[in-house]
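> sequence first, then the predicted structure, then my questions.
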Amino acid sequence: MRQIRWYLHPILIFIFSLVALGLSLFLYIYWYIEVSARLQGLVKSFNLDPGQFLELDTWVVILVLSILVAIIMLGILIIFAFNIKLLRLYRLQHNFINNFTHELKTPVTSIRLYLETFQKYELPRTMQLKYIDYMLTNVSRLTGNINSILSLAKLESKLYELHPVRVDLVETVEQFCRQNSHLFQGCAITIHNPGGRSFPYPVDQPLFEMLLMNLLTNASKYNEAREPAVAITFTPRGRQLTISIKDNGLGLKRGERKKIFRKFYRAEKTDRPQGEGSGLGLYFVDNIVRLHHGRIRAESDGPGQGTTMVITLPLDGGPSPGPARPAPREGP
């Protein structure tokens, strides 16, 4: 993209436009008052009729002009904000195309290389099985990325039909971890329920499993500890339930705690391969939590100090069957 010269930058032009507009209004009022004062002095000096020089509704004219100028300034502000939003969407789209193209291209290229190897060489059965396993892993990665895009599109267009079933959240999480333990090998996942209570809550099970898969995959994948560990804790607080998913992984910078839930955003990490991750996982998680009338936030003491994902759900409520309607976001 061609670099814009500093004096043609939209923000600078916007500021100059507002200053010029405000200054013109100020000078108009100032000069008018000054001229009016001189005219009044002239009228008094020559004992003339003030009606011949000064109109009674002049201040009404000034008021109307001020309102019109204010409307113009507001219009300029709205246009500027709209253009900034469009620019941000363009950048998000550009980043998404670059990142997600890599996510799609990498497994396809890998599968093609393995297939070309099968085509050119006679391989032993053990080597064939090894390569087939690699290809299946890449196919799973490719399928997961495509499913994420399709599911997210359904959620955002409100076409996804919620089918909530009242389940015990503790039991559901325990069962999910047992059934998918092979996906988190090398990462110790522990579940804590200090009160020993059951927490029945209506959840859409496919969506809730996607939520758990994304959070636990991130906790185990982005973890350089010698012994990766994730602790899931259920804590009731009045009429709310807090589910904390704490890892001992890479941690987060202070400014990234809210940004990680934005669409296409990826946390900075210098040694992470460029293009790793689509930046949709936590955005997807945030949407799922809000569909279940909850909130999610990230806590971290800094890089290298691990991250805690805190999900808060109302114990006396939950989603109803029907089209997905995400709860409104709280805060910026």
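Ah, there it is.
> which stretches in the stretch 51-200 of the chain count as helices?
Taking DSSP state H, counting those that start in this stretch as the test, the helices found in the stretch 51-200 of the chain are 58-120, 125-156, 169-179.
> give me the angle between the second one and helix 58-120.
Going by axes from the mean of the first three to the mean of the last three C-alpha atoms, to 10 degrees, helix 125-156 is angled at 160 degrees with respect to helix 58-120.
> what residues of helix 125-156 count as buried?
131, 135, 138, 142, 144, 145, 148, 149, 151, 152, 155 (16 or more other C-beta atoms under 10 Å). Every residue, glycine included, has its C-beta placed from N, CA and C.
> average pLDDT across it?
On average, the pLDDT along helix 125-156 is 81.
> the chain should start at 35 in everything you say after this.
Sure, I'll start counting at 35 from here, so that last one is helix 159-190.
> so what's residue 138 up against?
176, 179 (C-beta atoms under 8 Å, 6 or more residues apart in numbering).
> now swap in residue 273 and tell me
Applying C-beta under 8 Å, 6+ apart, the residues contacting residue 273 are 348, 349, 350.
> domain-wise, how is the protein divided?
According to automatic domain parsing, the chain comprises the domains 40-125, 141-190, 196-357.
> and these: which comes nearest residue 132?
domain 196-357 (7.1 Å; C-beta to C-beta).
> which of the domains of the chain sits most buried?
Scoring the domains of the chain by mean neighbour count under mean count of other C-beta atoms under 10 Å gives domain 196-357 as the most buried, with a mean of 17.
> one step back: okay if I get the contacts of residue 273 as a markdown table plus secondary structure and distance to residue 257?
Output for the contacts of residue 273, formatted as a markdown table (DSSP: H, G, I helix; E, B strand; the rest coil; distance: C-beta to C-beta, whole Å):
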| residue | secondary structure | distance to residue 257 |
| --- | --- | --- |
| 348 | strand | 31 |
| 349 | coil | 31 |
| 350 | coil | 36 |
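> so residue 269: helix, strand or coil?
Classification of residue 269 using DSSP: H, G, I helix; E, B strand; the rest coil returns strand.
> show me what it is bridged to.
residue 276 (DSSP bridges).
> follow-up on the earlier one: I'd like the buried residues of helix 159-190 as CSV, with distance to residue 260 appended.
Compiled in CSV, the buried residues of helix 159-190 are given as follows (distance: C-beta to C-beta, whole Å):
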residue, distance to residue 260
165, 31
169, 31
172, 28
176, 31
178, 28
179, 30
182, 31
183, 35
185, 35
186, 35
189, 38
